[in-house]
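Undergrad: this one's structure only:
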């Protein structure tokens, strides 16, 4: 999973063109023990 940004300990990852595991493009955000997943609905 490629990281696209790192700031204040927050790491932003983006999945794309991985249709076997991930059907739509989306972003994962991680900070310490917290995580968020943000869908990109129309690319």
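TA: Cool, got the structure. Everything quoted here is computed from the prediction, not taken from an experiment.
Undergrad: Who does the helix or strand containing residue 35 pair with, and is each partner parallel or antiparallel?
TA: Per DSSP states H and E: residue 35 is located in strand 34-39. The strands beside strand 34-39 in its sheet (DSSP bridges) come out as strand 26-31 (antiparallel).
Undergrad: for this structure, which spans come out with low pLDDT?
TA: 1, 15-23, 42-43 (pLDDT under 70).
Undergrad: which one in it is furthest away from the centre?
TA: Distance from the centre of the chain peaks at residue 8, with 16.6 Å (C-alpha atoms, centre = their mean).
Undergrad: Residue 32 versus that one, what's the distance?
TA: Distance of residue 8 to residue 32, computed by C-beta to C-beta, to the nearest Å: 11 Å. Bear in mind the C-beta positions are built from the backbone N, C-alpha and C, glycine included.
Undergrad: Likewise for residue 24?
TA: 26 Å.
Undergrad: Give me the more crowded residue out of these two.
TA: Per other C-beta atoms under 10 Å, whichever of residue 24 and residue 32 has more neighbours is residue 24, with 12 against 7.
Undergrad: what sits against that one?
TA: Residues near residue 24 by C-beta atoms under 8 Å, 6 or more residues apart in numbering: 39, 40, 41.
Undergrad: tally of neighbours for the closest residue to residue 9 other than its chain neighbours?
TA: Using C-beta to C-beta, 6 or more residues apart in numbering and skipping the chain neighbours, the partner closest in space to residue 9 is residue 31 (5.9 Å). The local packing of residue 31 (other C-beta under 10 Å) involves 12 other residues.
Undergrad: shouldn't residue 31 be in contact with residue 7?
TA: No - with contact defined as C-beta atoms under 8 Å, residue 31 does not count as touching residue 7 (10.1 Å).
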